[in-house]
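Novice: 3D model of this:
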Amino acid sequence: MRRAAKALVESRVETFEPPSAGGPARERVERALARVGAPRSFLFAGGWTEHDGKEVYEATFDPTPGTQRFLQLLSALLAALIAASAWALASGSAPPAVRFLLPFATVLAIVAMPLAVIAVATRREAEESRVRRAIRAALEEEP
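Specialist: A predicted model of the protein is given here:
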């Protein structure tokens, strides 16, 4: 889960080198990216640069601001549930149903949190893979 959470909030840059330089590769990449559509789980920026005298396509995959907010909200929610559960167990004034259900819900939330983080990370990874495949296929296409 740590690896997945870390992958959610880090930026990645990947370079793609076309087999032949020129305008057709640029057009093919732009068409391929238009077909894939705008990603929802990360911010994508791409552009052509020169590296070692060769023209390469550089793709940047940045996390969305909502990803960081989601992880912070999830952490705050778990902290609040743990505090409320401690209060319910320590306080004698809480009804028996609350003294049972609140800690039970907290345990379920703690168990579900890694699954939620992994689900969001997997979605981002799948979308990144789809974009990378589209770029590679466009660059390998015969003009």
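
Novice: only C-alpha atoms from now on, for both contacts and neighbour counts.
Specialist: Fine.

Novice: distance of residue 62 from residue 44?
Specialist: 6 Å (CA to CA, to the nearest Å).

Novice: need the helices for the protein, in chain order.
Specialist: 2-9, 23-36, 65-90, 96-140 (DSSP state H).

Novice: export the ones you listed to JSON lines and tack on distance to residue 48, mean pLDDT and mean neighbour count?
Specialist: Below are the helices of the chain laid out as JSON lines (distance: least, CA to CA, whole Å; pLDDT from 0 to 100; neighbours: other CA atoms under 10 Å):
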{"stretch": "helix 2-9", "distance to residue 48": "25", "mean pLDDT": "82", "mean neighbour count": "15"}
{"stretch": "helix 23-36", "distance to residue 48": "8", "mean pLDDT": "88", "mean neighbour count": "16"}
{"stretch": "helix 65-90", "distance to residue 48": "25", "mean pLDDT": "93", "mean neighbour count": "15"}
{"stretch": "helix 96-140", "distance to residue 48": "12", "mean pLDDT": "93", "mean neighbour count": "16"}
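
Novice: among these, which is nearest residue 17?
Specialist: Among the helices of the chain, the nearest to residue 17 by CA to CA is helix 96-140 (7.7 Å).

Novice: in terms of secondary structure, what does the closest one contact?
Specialist: Secondary-structure packing of helix 96-140 (3 or more CA pairs under 8 Å, 6 or more residues apart in numbering; DSSP states H and E): helix 2-9, helix 23-36, helix 65-90.

Novice: redo the helices of the chain as JSON lines? Include distance to residue 51.
Specialist: Formatted as JSON lines, these follow (distance: least, CA to CA, whole Å):
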{"stretch": "helix 2-9", "distance to residue 51": "26"}
{"stretch": "helix 23-36", "distance to residue 51": "16"}
{"stretch": "helix 65-90", "distance to residue 51": "30"}
{"stretch": "helix 96-140", "distance to residue 51": "16"}
